[in-house]
Each structure stands twice: as C-alpha cells, then as structure tokens.
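J.: Structure for the following, please:
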Amino acid sequence: MCKVTEEIFQKNLEIGRAERAKNNKWLNSKYEEVKTWDNTDKGNLGERHTSDMLNTLDYVSTIINGGIGTFDILLEASKATVKIEHKLATEDTHGSFQFNGIKKYIDYDYVFCMGISPNDLCFTIISRKEAQARLTTLMSSGVKGVYKYSVPKKRMMEYTQEKFKEEIEKIVK
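T.: Below you'll find the predicted structure:
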C-alpha cells in the first residue's frame, strides 16, 4: 500500500476508534473482556459459574457432556433431580438480552438464562413448559425448532447468592 493511502487510512481508523469508544458502554467496564469472547467460551463460562454457584448451596451440580446435549447441568437436590439448559447472553445496545438456541421439545426441566452487562450479572429461570408456551421467535428463518428468548434487563434478577438461592429453591421443591 502506498504511504499516502496508509496515512489517510490510519487517520480515519483513529477517528472511527474514537467514535466507537464514545458509544461503547462496554469500554473499560468490569466484564468488557467477555463481550469479545466467542459464543462457546461464553457458554462454558456461564455453565461453570452457575454449576459452581449451585455447589456453594450444597447441591450436587454436574455439567453433563461438557455442556453439549439436551441439557447442560444436572442438579441433584434431596427432593429432586433437575435438568437445566443453560444460556448466556451479553447485554445488547438496547439494554436487553437475546438468549439463542433454545429448543422447546428436548429433555430439560428449566432454562437458566444468565445475562452479563458491562458491570453486572443477572439471571432469570423459565420452565420448559413456559418455554414451550412463550417462545415463538425462531433464532433464524432457516432453522426450525430453535428459538430466541428476548428479555429486557429490567425483567432480570441481580445474580446475587441470596437471590440465586431463593430462585433455585423454588425449582427443587
């Protein structure tokens, strides 16, 4: 590339970087790094975190088949065994989460939806029955039977140990 072309491109690249930085709520945030990870790595992070959180509550929690299969986490409690499909999404530009790849008719009991915002963690849990009734938006037009669950951050719960424990106790009764 000629010197003039390179100089002009570098100048415009710097302008573009400054514009992106001005509008990027993730820039210099606590969880900025996670936003750049690929989906598999994000999913593995979420599954490990939630499984470890379950174990802190003295449940037996195991990630099944490396999180590949009809569900991701097997939760064993004294009164119930629960199959959890785990989904993780990062907050989009409009303050919502898009949990993708949810199948309505496979073997799980609950979908655990973990959201990561620039500086916060949050979650919500929906039953398979609720997923079957509520999920109507296909993840993409060419894929049948795989859905997207969109949730505004304001409808998610803060991912604290207390709130997590409270919600998990509801599903293991």
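
J.: Could you check which helix or strand contains Glu47?
T.: helix 39-56 (DSSP states H and E).

J.: mind checking how far His49 is from Asn119?
T.: Between His49 and Asn119 the computed distance is 16 Å (C-beta to C-beta, to the nearest Å). C-betas here are computed from N, CA, C, even on glycine.

J.: Below-threshold pLDDT in this structure: ranges please.
T.: 1, 21, 67 (pLDDT under 70).

J.: Where do the domain boundaries of it fall?
T.: The chain breaks down into these domains under automatic domain parsing: 1-30, 33-171.

J.: Columns mean neighbour count on top of those domains, output as JSON lines?
T.: Below are these laid out as JSON lines (neighbours: other C-beta atoms under 10 Å):
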{"stretch": "domain 1-30", "mean neighbour count": "10"}
{"stretch": "domain 33-171", "mean neighbour count": "16"}
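
J.: Let me see the ranges of the helices in this protein.
T.: Using DSSP state H, the helices of the chain run over 3-22, 32-35, 39-56, 128-134, 161-171.

J.: Same list, those helices, but as TSV with distance to His94 please.
T.: Below are those laid out as TSV (distance: least, C-beta to C-beta, whole Å):
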stretch	distance to His94
helix 3-22	17
helix 32-35	15
helix 39-56	19
helix 128-134	20
helix 161-171	24
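
J.: List the single closest residue to Pro118 in space, sequence neighbours excluded.
T.: Residue nearest to Pro118 in three dimensions, not counting chain neighbours: Ser29, with 3.3 Å by C-beta to C-beta, 6 or more residues apart in numbering.

J.: Just list the residues touching the residue nearest the centre of the chain, thanks.
T.: Compute the mean C-alpha point of the chain, and by C-alpha atoms, centre = their mean the closest residue is Leu88, 1.2 Å away. When contacts are counted by C-beta atoms under 8 Å, 6 or more residues apart in numbering, Leu88 touches 42-43, 45-47, 99, 113-116.

J.: so which of the residues you listed would you say is closest to Glu162?
T.: Nearest to Glu162 out of these is Met114 (C-beta to C-beta; 16.4 Å).

J.: That closest one against His86, yeah?
T.: Yes: counting by C-beta atoms under 8 Å, Met114 touches His86, with 7.0 Å between them.
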